[in-house]
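Student: Prediction below, plus the sequence it came from.
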Amino acid sequence: MFDIERWQEIFETLRKNKLRTFLTGLSVASGIFILVILLGFSKGIENGVTSQFQRDATNMITVWTNRTTKEYKGLNPGRYVQLKNGDFDMVSTKYKDYLEYESSLHGMWGVTMTYGNQTGSYRIRGVMPDHQFIENADILKGRFLNQADLDEAKKVAVIGNKLKRDLFKDEDAIDKNILMYGMNFKVIGVFSDPGGDREEDQAYIPISTSQKVFNIGDNIRNMLFTVEMSDNFSDAVTLSQNISTEIESQIKQMHTVAPDDTGAVRVYNTLEEAKKIYKLIDTIKAVFWFVGIGTIIAGIVGVGNIMLIIVKERTKEIGIRKALGALPWSIIGMIIQEAVFVTMFSGLFGLISGLALLEAVGPQVESDFIKYPQVDFNIAITTVFILVFAGALAGFIPAYRAAKIKPIEALRDE
């Protein structure tokens, strides 16, 4: 039940100690403000790192090769290990039950492309249809490569949005031809990529077409796979690690590479790297929570101290209340209510100030690894509960002490 007289007493007590109340409230508000800012930026770090992973699939295994660094079975070091279609087919067949998407890849840099009077130097990638999902490419218009394009080695291309803007300007690019190495390639699609202009400055063509056009036989440069994700993230990481290790071992056996030659065959597992990064983010969050809670505790200690002083100053008043029949729990409730009010009012001020600052500054933060620092609704509610608990805790010890005061001793107090 709302007791207006109790609230009048609380405000009267606070008015008598304006400076002390202000400084105590400031310490609590500062603690919450710092906590909100720290949590906001930890969320910004998480958003930034997540956006980096979104450029490609987070469950991707990439295989590429280099020169051998060790002698093995009579073969000298320095041999270049060339991946072939057969290597890709072997991995694809053996692990088909565990793979989600797959694509071999062969790329060329600095390829001159021409449309009408517009010419530029861009990158070409020969890929398979699944590459769209491995790269997280979104089709803006038209379509991506399909199996028929691959089987028939068609001269078709899916171009990035930046390439389209450069060569076609405002003109529709679909079904138009672009000239590459004296050959016409029909544009069948335009894509966008989370990586931005850097990833949209290229064209995808069927890997079979790339191998014929550039006269490279059945050579490929990379193999890309994504692993089926399970509900348990740790299980998915373990599966991805095991497959990565086995692929590396088998490619080395097929190309007569020493098992301990770490430079000739390289396998990169983004899921394993993602796990490391997310663990780091969790650690950063824990540290930020620790610092923020520590700052709040400092403010709460100040609230507790001021309540002890208030109890001491009101010893005689409390004694009179008890002599007139006030129950111990009514005394405790009165002190705790005052402590909760000071803590809640100050804390909410700090919370709102922190949220307002993040709202104003957040959109201005431009960094690859910090994006949109913010505090979500659940965190805000959590801080409110922390305030209520902290306020009650700060007031309980002084309140309990007040409840233990004996009326006769309180009336003698000077």
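Tutor: Received the coordinates, thanks.
Student: CA atoms for contacts and neighbours, from now on please.
Tutor: Will do.
Student: Give me the phi and psi for Thr256.
Tutor: Backbone torsions of Thr256, given as degrees, to the nearest 10, read phi 50, psi 60.
Student: show me the contacts for it.
Tutor: 72-73 (CA atoms under 8 Å, 6 or more residues apart in numbering).
Student: where do the helices sit along the chain?
Tutor: Under the criterion DSSP state H, the chain contains helices at 4-16, 18-53, 85-94, 131-134, 147-151, 161-168, 197-200, 207-213, 233-254, 270-313, 315-323, 328-361, 377-403, 407-412.
Student: Least reliable of those helices by average pLDDT, please.
Tutor: Among the helices of the chain, helix 407-412 carries the lowest mean pLDDT, at a mean of 58.
Student: now do the same end-to-end measure for stretch 59-70.
Tutor: The first residue of stretch 59-70 is 31 Å away from its last residue (CA to CA, to the nearest Å).
Student: outside of it, which residues touch it?
Tutor: Residues outside stretch 59-70 that contact it (CA under 8 Å, 6+ apart) are 76-83, 134, 221-229, 240, 244, 257-258, 261, 263-271.
Student: The biggest strand by length in the chain pairs with which strands?
Tutor: Among the elements of the chain assigned as strand by DSSP state E, the one spanning the most residues is strand 99-115. Strands flanking strand 99-115 in the sheet, each with its direction: strand 118-127 (antiparallel), strand 177-180 (antiparallel), strand 222-227 (antiparallel) (DSSP bridges).
Student: Just the mean pLDDT for that strand, thanks.
Tutor: Regarding strand 99-115, the rounded mean pLDDT is 91.
Student: That one to helix 85-94, inter-axis angle?
Tutor: Direction vectors for strand 99-115 and helix 85-94, defined by axes from the mean of the first three to the mean of the last three CA atoms, to 10 degrees, enclose an angle of 140 degrees.
Student: Buried residues, strand 99-115. List them.
Tutor: Within strand 99-115, the residues that qualify as buried by neighbour count (16 or more other CA atoms under 10 Å) are 99-107, 113-115.
Student: May I see the residues you listed arranged in a markdown table, with distance to Leu167 as well?
Tutor: Shown next, in a markdown table, are the buried residues of strand 99-115 (distance: CA to CA, whole Å):
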| residue | distance to Leu167 |
| --- | --- |
| Leu99 | 37 |
| Glu100 | 34 |
| Tyr101 | 31 |
| Glu102 | 30 |
| Ser103 | 28 |
| Ser104 | 28 |
| Leu105 | 25 |
| His106 | 23 |
| Gly107 | 20 |
| Met113 | 8 |
| Thr114 | 7 |
| Tyr115 | 6 |
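Student: Identify whichever of the strands paired with strand 99-115 lies nearest to Leu39.
Tutor: Counting by CA to CA, Leu39 lies closest to strand 222-227 out of the strands paired with strand 99-115; the figure is 32.4 Å.
Student: Run the chain-centre distance for the closest one.
Tutor: Strand 222-227 sits 23 Å away from the centroid of its parent chain (CA atoms, centre = their mean, to the nearest Å).
Student: from now on call the first residue 245
Tutor: Done: numbering now begins at 245, and the last item shifts to strand 466-471.
Student: Show residues contacting that strand.
Tutor: Taking CA under 8 Å, 6+ apart as the criterion, the residues outside strand 466-471 that touch it are 301, 303-309, 327, 332, 342-350, 378, 480, 484.
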